[in-house]
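Student: model this:
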Amino acid sequence: MRERPSSPSSTARQTTLSVDIVVLTPRAKRLAVLVAKAPDTHSRERWILPWDAPRGEESLADAAARVARAALGTAPAALEQIAAFGDNRRHPGDAELSVGFFALMPNGDYLPSGSESTWFDAEELPAVFPRQRAIIDAAFDAVRARLDQSPLAFRLLPPTFTLSELQAVYEILLGRRLHKASFRRALQAAYLVEPTDEWRSEGRGRPAQLFRYAPRKRRDRRRGVRFDLVSG
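Tutor: Modelled structure (predicted):
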């Protein structure tokens with residue numbers, strides 16, 4: 001009698017999995033990243049991103065939401081998956097496979113009481129584990145790539161805002177200056193905002209009108225600003 005082939009599920013080695021979160025927030029007109037001190041004080045990398053392994057039947061999205069909430073003490077304004085990272089670069093949990101997510105937080109001055117985490121300027125990050133550094137870089141790329149397809153910038157604003165405030169958020173997320181007139185023309189073409197009857201004083205100049213996020217239905221389903229139309 002021929003022997004039955006072994007079931008793949010009985011012979012395959014289980015892969016260790018982590019979910020790693022890159023929390024981004026605007027601070028002092030710059031983009032900042034949330035990191036915590038690494039528990040291993042002898043490691044070359046003294047800082048880590050929030051991360052954990054999925055629990056039981058928990059989905060990747062649910063695990064990411066749990067990790068983000070634990071790090072922030074509240075749910076982030078936005079949470080999106082980036083990609084999977086299965087290279088040989090070091091990870092704080094020695095995970096063989098990591099799934100990266102980015103989260104957006106509108107208020108970078110907020111952290112839960114007792115937290116050992118802190119915000120670092122995106123341009124001045126401390127030493128983190130090599131795979132998590134790759135996830136951070138991918139998060140920057142993902143946010144900037146999705147800005148002209150999704151309303152990410154509006155997740156970092158209050159319900160009503162001035163167009164100057166909106167432009168400032170786009171500039172922080174893009175990491176570059178935008179021409180004011182070109183930005184407003186592109187914003188108008190995107191049909192994303194509508195004016196309110198409220199005005200706010202901004203310095204010594206005329207009061208600025210407040211707007212709200214109110215996208216119109218469009219055939220191409222775009223929900224962002226076409227930055228190829230905006231010169232820096």
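Student: Against which helices or strands is the lengthiest strand in the chain packed?
Tutor: Longest strand of the chain, by residue count under DSSP state E: strand 17-27. If you count contacts as 3 or more C-beta pairs under 8 Å, 6 or more residues apart in numbering; DSSP states H and E, strand 17-27 packs onto strand 30-37, strand 51-52, helix 60-72, strand 97-104, strand 117-121, helix 130-146, helix 163-174. To be clear about C-beta, it is placed using only N, CA and C from the backbone, and glycine gets the same treatment.
Student: Run the chain-centre distance for it.
Tutor: Centroid separation between strand 17-27 and its chain, computed with C-alpha atoms, centre = their mean, to the nearest Å, is 6 Å.
Student: now do stretch 31-44
Tutor: The answer for stretch 31-44 is 18 Å, by C-alpha atoms, centre = their mean.
Student: If we go by neighbour counts, what in that stretch is buried?
Tutor: 31-36, 38 (16 or more other C-beta atoms under 10 Å).
Student: from these, which single one is nearest A65?
Tutor: L34 (15.2 Å; C-beta to C-beta).
Student: Distance of the closest one relative to L72?
Tutor: Noted for L34: a distance of 8 Å to L72, by C-beta to C-beta, to the nearest Å.
Student: what do those two both touch?
Tutor: Residues touching both L34 and L72 (C-beta atoms under 8 Å, 6 or more residues apart in numbering): 23, 105, 111.
Student: In contact with the first one, which residues?
Tutor: Residues in contact with V23 (C-beta under 8 Å, 6+ apart) are 33-34, 50, 68, 71-72, 76, 102-105.
Student: rerun at 6 Å
Tutor: 34, 103, 105 (C-beta atoms under 6 Å, 6 or more residues apart in numbering).
Student: Could you single out the nearest of the shared contacts of L34 and L72 to L152?
Tutor: M105 (12.1 Å).
Student: that older thread, highest average neighbour count across the helices and strands packed on strand 17-27?
Tutor: strand 97-104 (a mean of 24; mean count of other C-beta atoms under 10 Å).
Student: now for it, which elements pack on it?
Tutor: strand 17-27, helix 60-72, strand 78-85, helix 130-146 (3 or more C-beta pairs under 6 Å, 6 or more residues apart in numbering; DSSP states H and E).
Student: what's the angle from the longest one to strand 78-85?
Tutor: The one in question is helix 130-146. 130 degrees (axes from the mean of the first three to the mean of the last three C-alpha atoms, to 10 degrees).
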